[in-house]
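Asker: sequence first, then the predicted structure:
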Amino acid sequence: MIKSILLGGVMALAPAVAFAQTTLTAETTSPGSTPHYIDSTLAAVLDSACVAPMQITEGATLTNSVQAVAEGQLDMAPAPLILPFLLSRGIGPYSGIGPVKGAELAGNIRILFFNAGAAQLFGHYNSNPIENIRELEGKRIWNGPPRGAALTSGRAMIELLSGQKDGEGYDGVQYPWPDTVSTITGGSVDAWTIPEGLPSGRQIAIAAAGGITLYDVPSDLLASELGQQIVAAPGHAPYSIPVEEFRAAYAGNDITIVTDDETFDTFALAFGQIVPTTMEEDLAYNITKAYLEAEERFLTSSPRGPYIGLSFGDIDGISQGVCGAVQMKMHEGAIRAYEEMGHSVAGCLRP
């Protein structure tokens, strides 16, 4: 269900004159997700800093949100970086737009900051175990919503693990995000692959119906040519966390974590907080400055905070999933805020 909430100065007791004249419009994912946590926290931060009130629509489809920002119909959205990449070429979910218009629209997008909080994992119920995650032929696997970045990454994960393609070697099952847990707990699939923050409320909810096992990508597969291509693919970034920290995040739940070494290694979905190029420089500066000054709040307000990969330091581009296949620019106001805070910004991100 899509739901709009208004966070910020409209509800605050601070004088209205302290806020920007315009309410920021934003779209984000459903509650419990990493983008929702970031956006709701950002709204509270902008309120506290008297920057601007922020009206957020929850449960949005980010494929549509990215296009809305590019068209200037929306002020802000969290964007899996593969989506602006696809838009710039007019392919995938944007094939109806075409390459010329797609490139024009993608050029209308700027980034304020980055995160890589959703790591791709593979799971199954212990009551219906997968004996070998490298042998998935003939299985029914939930691999994403009907379209978008998560589906692309889910299909890449299954191909990397088993060499199987959706609709050929295995049956990919897709349902919208709100139906994910019920689809999996209902027993209609043998396994699932999902990009998740740490800890994931969705995996905890799935495990409430019975014990589950979650896997990272085995080291030899991650180091393979295909593995490195996927890690470096548009919209992806490396992800590695000590396995004991990963297990500790799910302590008290019937969730088993399987890795082949001491780290949980996979690929993350790289995100950028996007705005239109037409956003005033001072507003972009003030938003980013408030974000950077609220580092502790972002990292400590949720158990997943330390694992979101938020960009509070130097921006080299590569670590954030850009300056490679994905070519995007930061907003001038955001760059000014980073540099005033003593951080460097790679030249490839400058407009």
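Answerer: Everything's here; your move. Model, not experiment: these values are computed from the prediction.

Asker: C-alpha only now, for contacts and for neighbours.
Answerer: Noted.

Asker: all helices of the stretch 251-351 of the chain, in order?
Answerer: 281-293, 295-300, 332-340 (DSSP state H, counting those that start in this stretch).

Asker: output the ones you listed in JSON lines; the columns should cover mean pLDDT and distance to Ser311.
Answerer: Below are those laid out as JSON lines (pLDDT from 0 to 100; distance: least, C-alpha to C-alpha, whole Å):
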{"stretch": "helix 281-293", "mean pLDDT": "97", "distance to Ser311": "9"}
{"stretch": "helix 295-300", "mean pLDDT": "95", "distance to Ser311": "9"}
{"stretch": "helix 332-340", "mean pLDDT": "98", "distance to Ser311": "10"}
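
Asker: and Ala119, what does it touch?
Answerer: Ala119 makes contact with 194-197, 239, 266-269, according to C-alpha atoms under 8 Å, 6 or more residues apart in numbering.

Asker: the closest residue to it other than its chain neighbours and Glu332: what is the separation?
Answerer: Distances taken as C-alpha to C-alpha, 6 or more residues apart in numbering put Ala268 closest to Ala119, at 4.2 Å, once the chain neighbours are dropped. Here Ala268 is placed at a distance of 26 Å from Glu332 (C-alpha to C-alpha, to the nearest Å).

Asker: of these two, who's got more company?
Answerer: The neighbour count for Ala268 versus Glu332, taken as other C-alpha atoms under 10 Å, is higher for Ala268 (26 against 21).

Asker: now name the helix or strand holding Gln164.
Answerer: Here Gln164 is covered by no helix or strand, with elements defined by DSSP states H and E.

Asker: neighbours around it, how many?
Answerer: Neighbour count of Gln164, defined by other C-alpha under 10 Å: 21.

Asker: who touches it in this structure?
Answerer: Applying C-alpha under 8 Å, 6+ apart, the residues near Gln164 are 136-137, 158, 170.

Asker: okay, those in a markdown table with pLDDT, secondary structure and neighbour count next?
Answerer: Below are the contacts of Gln164 laid out as a markdown table (pLDDT from 0 to 100; DSSP: H, G, I helix; E, B strand; the rest coil; neighbours: other C-alpha atoms under 10 Å):
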| residue | pLDDT | secondary structure | neighbour count |
| --- | --- | --- | --- |
| Leu136 | 97 | coil | 23 |
| Glu137 | 97 | coil | 16 |
| Ile158 | 98 | helix | 26 |
| Tyr170 | 97 | strand | 18 |
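
Asker: so which of those residues comes closest to Val66?
Answerer: Ile158 (26.2 Å; C-alpha to C-alpha).

Asker: roughly how far does the spatially closest residue to that closest one that is not a sequence neighbour sit from Gln320?
Answerer: Leaving aside its sequence neighbours, Ile158 sits nearest to Gln164 (C-alpha to C-alpha, 6+ apart; 6.5 Å). Separation of Gln164 from Gln320 (C-alpha to C-alpha): 29 Å.

Asker: same deal with Ser188?
Answerer: 36 Å.

Asker: the two: which is more packed in?
Answerer: Gln320 (24 against 13).

Asker: list the buried residues of stretch 55-62.
Answerer: By neighbour count with 16 or more other C-alpha atoms under 10 Å, stretch 55-62 contains the buried residues 55-62.
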